[in-house]
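Undergrad: next come a sequence and a model predicted from it.
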Amino acid sequence: MNAAQSLRDRDVVVRPVPARSQRRRMWDTFVGNRAAVFGLGLALAITLLAIFAPLIASQDPLAQDGARRLTPPDDVFPLGRDAFGRDVLSRILHAGRISLVIGIGSVMLGGTVGTLLGLVAGYSGGKLESLLMRAVDVLMAFPSLLLGLTVLAVLGPGLEKVILAIGLLLSPPFARVVHGATLSLKEQEFLTAARAVGAGHLRLMRLHILPNMVGEIVVLVSVWTASAIRVEASLSFIGLGISPPTPTWGNMIRDGTTHLINAPWLSIFPGVAILLTVLAFNLLGDGLRDVLDPKLQQ
Amino acid sequence: MIRYVAQRVLLTIPVFLSVLTIVFIVVRVLPGDPATAALGDYASKEAVDALRERLRLNDPLPVQYLRFLADLLRGDLGTSMINSAPIGDQIAHNLPYTLELTLAALLVGVTLGIPVGVYMATRHNELPDYIGRVGSLVGLSVPAFYLGILLILLVGVQLKWLPAIGGGDLTDAGDSLTHLILPALTLGLVMTASVARLARSAMLNVLTQDYVRTARAKGIRERSVISRHALRSALIPIVALTGIWGVALIGDSVTTELVFSRPGLGKLMVGAMLQRDYTTLQSTMVIYALFVVGINLVTDLAYGFVDPRVRTKG
């Protein structure tokens, strides 16, 4: 729709399927990027903490203790307790499960829908293409947080609704990149050759176009997982999405702001969790981009 | 140039219409009935029907859609579903706060982000570049509301330099400015991260170009090579993407307003949402849509200004 977008579309490059030696080279590039390796390690560690949260957390995240409200961090409760006497550390660990499920779930949903739309739009061309891509432009023109907010306000609370709302926000960027990549692949000779030997549309898309843009998609998945987790945190900070008492990082910070002066740890620690998680996926995405998109290597 | 401006202005009309359509679709067509939602699950059927009738939700969707557009065309933003107050007044009261916040944040983001990014590029792969890269990635990862809380704790509570909450008195320049600094810094720093990252990579791209080498070979001072020769073409992608960040900024302004308890569209919107006041929600979204379209227009015009190729192409 505007200059910015044509600029983005131009970033898409076409690359043949990597041979083994090239894979080796890509691996070396990735391992050579310390920030990316750190991001991968951090993301793995956070994922493991989330998966095993019920085993690691020493307390029940919902167990209240009216006698010990807002106690500062100590030996047994290293991150202190909240206004209901609940253990902040156990709540952060359990909240991580929700953040990751939403982050990964919404990217899977939005990524699949967006990829299919972009693929179909780019491959089919014509009216369908302009209709789909106009819709993508309009959806992307709107601030994602506002759109998510409104969709959630209408849908009501619930884990699957948050995934649906954020997935909806994520499909346009996937569609745009995949559309651009499909357009440039469509003109390649190997595609004409495949068509000449009688490959059908579905086969062409599935076996010849899609595998050639795995790189772009992997980068998108990593970067947008980071984004999805950040948006989820903002939504639950506003008070939408997951209903209390289930802990999310966003709603923990929100509850903490009431006690910001006398118990700042209630807001500070969940924020650190958000920051580290989002940072991990962003670092990973940056590293993957360097590996998979040599054009951008500086 | 006039032709280009006219063209861009005309182009905003279909975009604005499409965004309005999305607002309408999201509020009316998604599952869930505004009347039931407003009154709660336990409301009597009669009460729900009466409210549906009052909001004219029983009309066919195309009729509702046309009425929605016609009302907007007349400048009628409707009345609140909860207290029947005119929504236009509410928006007129809150809009200035959001405007000053987003403009100030945009200013912070651009005036801080571009020099930082350019400096990183000139010190490519040296310590300042590494620090800047890590710093900007952290900036990209921190949610605006969390940065706001940290600033409140540090500057407002620990140092007691600035008022931490509220919007200040708009008629008192000093008061509204001191209330503006922290929220504008919050939003602006988040934007600075993206601007600096792009400014860096745009500059790195330009600095390898032949004409930059020629400029250096001619003996032009490095300062002048950077600011006059390189930065000028590096600005093109920066300006192009500023619109996208401006739009993201508007989204983050909602949580920022909440953190600082500032009056503003975001607070109005979230309040409407929590009270399930769908008419106010919808009208606030329309104003936001205007914002978004306006930012995109300004970006396009600025793009035509910095890149002569764009405006001559017609």
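TA: Yep, it's here. Everything numeric here is computed off the predicted structure, so don't read it as measured data. Numbers count the residues shown, from 1 in each chain, chains lettered A, B, ... in the order given.
Undergrad: okay, now the residue nearest to A:G148 when sequence neighbours are not counted: neighbour count?
TA: In this structure, A:G148 finds its nearest non-sequential neighbour in A:A165, 5.0 Å apart by CB to CB, 6 or more residues apart in numbering or on different chains. C-beta here means a position set from N, CA and C on the backbone, and glycine is covered the same way. Using other CB atoms under 10 Å in any protein chain shown, A:A165 has 28 other residues around it.
Undergrad: how close does A:A165 get to B:Q282?
TA: A:A165 sits 17 Å away from B:Q282, going by CB to CB, to the nearest Å.
Undergrad: same thing with B:L154?
TA: 38 Å.
Undergrad: which of the two has more neighbours?
TA: Using other CB under 10 Å, the more surrounded residue of B:L154 and B:Q282 is B:Q282, with 24 against 13.
Undergrad: checking the more buried one next. Helix, strand or coil?
TA: What DSSP: H, G, I helix; E, B strand; the rest coil gives for B:Q282 is helix.
Undergrad: so it makes contact with B:L20?
TA: No: with contact defined as CB atoms under 8 Å, B:Q282 does not count as touching B:L20 (9.8 Å).
Undergrad: identify the contacts common to those two.
TA: B:F68 (CB atoms under 8 Å, 6 or more residues apart in numbering or on different chains).
Undergrad: please identify the helix or strand for whichever residue of the stretch 151-300 of chain B sits closest to chain A.
TA: The nearest approach of the stretch 151-300 of chain B to chain A comes at B:G251, 3.3 Å away (CB to the nearest CB). Following DSSP states H and E, one finds B:G251 within helix B:231-259.
Undergrad: could you do B:E53 as well?
TA: helix B:45-54.
Undergrad: quick check: next helix or strand after that helix?
TA: Downstream of helix B:45-54, the next assigned helix or strand under DSSP H and E is helix B:61-73.
Undergrad: buried sites along that next one?
TA: B:Q64, B:Y65, B:F68, B:L72 (16 or more other CB atoms under 10 Å in any protein chain shown).
Undergrad: report the distance from it to the chain centre.
TA: When C-alpha coordinates are averaged (CA atoms, centre = their mean, to the nearest Å), helix B:61-73 and its chain have centres 26 Å apart.
Undergrad: which residues are in contact with that helix?
TA: Under CB under 8 Å, 6+ apart, the answer for helix B:61-73 is B:L20, B:T21, B:F24, B:R28, B:V29, B:R56, B:L57, B:D59, B:L77, B:G78, B:Q282, B:V286.
Undergrad: burial measure for the last one, as a count.
TA: Look at B:V286: counted by other CB under 10 Å, it has 22 neighbours.
Undergrad: which residues of the stretch 201-314 of chain B score low on pLDDT?
TA: Scanning the stretch 201-314 of chain B with the threshold set as pLDDT under 70 gives B:310, B:312-314.
Undergrad: mind redoing it with 50?
TA: B:314 (pLDDT under 50).
Undergrad: close to chain A: what parts of it are there?
TA: For the stretch 201-314 of chain B, the contact set with chain A under CB under 8 Å from any CB of the partner chain comprises B:201, B:204, B:237, B:240-241, B:243-244, B:247-248, B:250-252, B:254-255, B:258-259, B:269-270, B:273-274, B:276, B:281, B:285, B:288-289, B:292-293, B:296, B:299-300, B:303, B:307, B:310.
Undergrad: where does the spatially most central residue of chain A fall, helix, sheet strand or coil?
TA: Nearest to the mean C-alpha position of chain A, by CA atoms, centre = their mean, lies A:T225 at 1.1 Å. Look at A:T225: counting by three-state DSSP, its state is helix.
Undergrad: pLDDT value on it, please?
TA: If you check A:T225, the pLDDT there is 94.
Undergrad: go on, the one 3 residues further on?
TA: According to the per-residue confidence, A:A228 scores 94 in pLDDT.
Undergrad: pretty sure it contacts A:M108?
TA: No: counting by CB under 8 Å, A:A228 does not reach A:M108; the two are 10.1 Å apart.
Undergrad: tell me which of these two has more neighbours.
TA: Using other CB under 10 Å as the criterion, A:A228 and A:M108 rank with A:A228 on top: 30 against 15.
Undergrad: contacts only, for the more buried one.
TA: A:I102, A:G103, A:S106, A:V107, A:G110, A:I166, A:L170.
Undergrad: so which of these are also by chain B?
TA: Okay, of those, nothing touches chain B (CB under 8 Å from any CB).
Undergrad: thinking again about what came up before, I figured the residue nearest to the centre of chain A hits A:V107, correct?
TA: Yes: counting by CB under 8 Å, A:T225 does reach A:V107; the two are 4.9 Å apart.
Undergrad: ranges for the helices of chain B?
TA: Assigned by DSSP state H, chain B shows helices spanning B:2-24, B:34-39, B:45-54, B:61-73, B:87-122, B:127-141, B:144-151, B:173-207, B:210-217, B:222-224, B:231-259, B:265-274, B:278-306, B:308-312.
Undergrad: buried deepest among these, which one?
TA: Most buried of the helices of chain B, by mean neighbour count (mean count of other CB atoms under 10 Å in any protein chain shown): helix B:144-151, with a mean of 24.
Undergrad: so does that one get close to chain A?
TA: Yes: with CB under 8 Å from any CB as the criterion, chain A is reached by helix B:144-151 at B:A144, B:F145, B:Y146, B:I149, B:L150.
Undergrad: among those, find me the one that's closest to chain A.
TA: B:Y146 (4.1 Å).
Undergrad: so how far is A:P270 from the closest one?
TA: 9 Å.
Undergrad: now do the shared contacts for the two.
TA: With CB under 8 Å, 6+ apart as the test, B:Y146 and A:P270 both reach A:I253.
Undergrad: Throw the residues of helix B:144-151 next to chain A into TSV and include pLDDT, thanks.
TA: Shown next, in TSV, are the residues of helix B:144-151 next to chain A (pLDDT from 0 to 100):
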residue	pLDDT
B:A144	92
B:F145	93
B:Y146	94
B:I149	93
B:L150	93
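Undergrad: circling back to that earlier point, from the contact counts, what lies against the helix holding B:G251?
TA: Judged by 3 or more CB pairs under 8 Å, 6 or more residues apart in numbering or on different chains; DSSP states H and E, helix B:231-259 is in contact with helix A:3-10, helix A:144-155, helix A:214-238, helix B:87-122, helix B:144-151, helix B:173-207, helix B:265-274, helix B:278-306.
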